[in-house]
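# give the three-dimensional model of this entry:
(one chain, ligands or ions: 1)
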Amino acid sequence: LTKMAEPYKIKMVEPLKIRTKEERIRLIKEAGYNPFLLNAEDVYIDLLTDSGTSAMSDNQWAGMMLGDESYAGSKNYIHLVEVVKDIFGYNYVVPTHQGRGAEKVLFPVLVKKGQYVVGNMHFDTTKAHIELSEGIAVNLVTREAEDVGNYHPFKGNFDIEALKSFIEEKGPENIAFILATVTCNSAGGQPVSMENIKEVRKMADKYGLYLFFDAARFAENAYFVKQREKGYENKSIKEIVREMFSYGDGFTMSAKKDALVNIGGLIAIKDDVELFTKVKTMLIPMEGFVTYGGLAGRDMEAMARGLEEVLSEDYLSWRINQVKYLGDKLREAGIPIQYPTGGHAVFIDGKKFLPHVPQEQFPSHTICVELYIEAGIRAVEVGTLLAGRDPVTKKEILPALDFVRLTIPRRVYTNSHMDVVAEAVKRVYARRDSIKGLRFTYEPPILRHFTARLEPV
Ligand SMILES: CC1=C(O)/C(=C\N=C(/C)C(=O)O)C(COP(=O)(O)O)=CN1
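Numbers count the residues shown, from 1 in each chain. All right, here's what the predicted structure looks like:
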């Protein structure tokens, strides 16, 4: 019985505004049919992202009052380093302002012009920073990730054969490093198994390559390992995290996800002190001095406390089952989603939902627009609009996966909100045959999905 409700009670609330349907039709038109351009106060249930949108705990808020805002040697930094060492087993740690801050400092140190960074699936801003470092981002995720409707326990895994032949084909000297994203956001928040991580580690050792983690959703990955991988059912989340990261040489982290804070990032290096010196040298001009890296002391304190809190099994079990709760309601209604549901979001298969809308007219983005009109819900497209154009041919990339991501913030919404979301998706699904696609009225040259403006065809 104790597992049926949130393992926390609510002490402070933020009243929500609910615009009328007429207002929402006007507002989304004024926003160029792009939910990114809506004002938050015009959104009822915001499922745009789980990044930076978590509710902090009383323990974290109390930590905010203990901010040591000294420029150098803040006690919050010392606390943060201790926590990272204790959880991940890495000796060298610097804060950054968020995940991109970590990427723009670490990648130039690791990547030489023209080298490849091979990953399961890179998040779009991570890909952007690999390219800004003049590297080439390559995704080698298991084919199971594209088998959307069928159950596979670890759809975030690397395709080990593909990884081996890619490194052989290009030559290890042309691989900057291997990057394992846990969980794999772009595949549907899908986990990577410990067995797969061990296989990737073997490759890294065989070819003398670094293995880094993109650790944004590390705790959710560990929870799935505990639930789904033989031999881990009796291990604590902390033990599983420790083992996962023992196979890595370092990580970047957007703390805005599993560290339960609204701003923050990290770079951690296991034991390569030389590499750490290069990172610190880059950090100072790009993010700030070593002991604050673009953050206030209070933010580092909240992050240190969040990293410890997120390891709670009661918290993880509730958080991940809330995603499953929404996913199950949609599957029961016959709505096509990435199955099983991931750690942070339900991913609707837009191409199957709107088979009559050509991919060039952005089926999943169209569903996001309809969800806002239907019930003031803001979701995000992770598909064709996001993928953009081939930089050389300028043709639409047309990715295999075209998803609506219903991204659930941590500790913010109850299952009553999930019931509203499920009902709204069902109503859009019921009228899907009458839904038309979208076309650009303004198409930005890079990362177009954030500021594009569109209209119904
Ligand atoms: C796996 C991964 C991410 O998901 C990520 C950011 N994700 C966002 C903003 C999201 O909506 O999924 C980033 C960038 O983190 P940042 O948004 O700069 O703190 C890196 N890796």
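
# give me the neighbour count for the nearest residue to Lys75 once chain neighbours are set aside.
Nearest residue to Lys75 in three dimensions, chain neighbours excluded: Asp68, at 4.5 Å (CB to CB, 6 or more residues apart in numbering). For every residue, glycine as well, the C-beta is placed using N, CA and C. Neighbours of Asp68 under the rule other CB atoms under 10 Å: 18.

# and the residue of the chain found nearest the ligand, its phi and psi?
Of all residues in the chain, Gly99 sits closest to the ligand, at 2.4 Å by CB to the nearest ligand atom. Dihedral pair for Gly99: phi -60, psi -40, per degrees, to the nearest 10.

# quick check: it touching Asp258?
No - taking contacts as CB atoms under 8 Å, Gly99 lies outside contact range of Asp258: 11.4 Å.

# overlap in contacts, the two.
Shared contacts of Gly99 and Asp258, defined by CB atoms under 8 Å, 6 or more residues apart in numbering, comprise Ala216.

# related to what we said a few turns ago, the residue nearest to Lys75 in helix, strand or coil?
Put simply, Asp68 is coil when judged by DSSP: H, G, I helix; E, B strand; the rest coil.

# pretty sure Ala137 belongs to a helix, no?
No - the assignment for Ala137 (three-state DSSP) gives strand, which keeps it out of a helix.

# what's the burial count for it?
Ala137: 19 neighbours (other CB under 10 Å).

# tell me where the stretch 151-300 of the chain has strands.
175-181, 211-214, 250-254, 265-269 (DSSP state E, counting those that start in this stretch).

# quick one: distance of the second one to the chain centre.
What separates the centre of strand 211-214 from the centre of its chain is 14 Å, taken as CA atoms, centre = their mean, to the nearest Å.

# just the C-alphas of it, formatted as PDB.
The C-alpha coordinates for strand 211-214 follow below in PDB (Å, rounded to 0.1, in the frame of the first residue of the first chain):
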ATOM      1  CA  LEU A 211      35.000   6.000 -22.200                       C
ATOM      2  CA  PHE A 212      33.000   9.000 -20.900                       C
ATOM      3  CA  PHE A 213      29.500   9.100 -19.600                       C
ATOM      4  CA  ASP A 214      26.800  11.700 -20.300                       C
END
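
# strands paired with that strand, and their directions?
Sheet pairing for strand 211-214, assigned by DSSP bridges, gives strand 175-181 (parallel), strand 250-254 (parallel).

# got the angle between the last one and strand 265-269?
It stands for strand 250-254. With axes from the mean of the first three to the mean of the last three CA atoms, to 10 degrees applied, the angle from strand 250-254 to strand 265-269 works out at 180 degrees.

# hmm, back to that, let me have the strands paired with strand 211-214 in CSV, adding mean neighbour count and distance to the ligand as columns.
Shown next, in CSV, are the strands paired with strand 211-214 (neighbours: other CB atoms under 10 Å; distance: least, CB to the nearest ligand atom, whole Å):
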stretch, mean neighbour count, distance to the ligand
strand 175-181, 25, 5
strand 250-254, 27, 3
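
# okay if I get these as CSV plus mean pLDDT?
Below are the strands paired with strand 211-214 laid out as CSV (pLDDT from 0 to 100):
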stretch, mean pLDDT
strand 175-181, 98
strand 250-254, 98
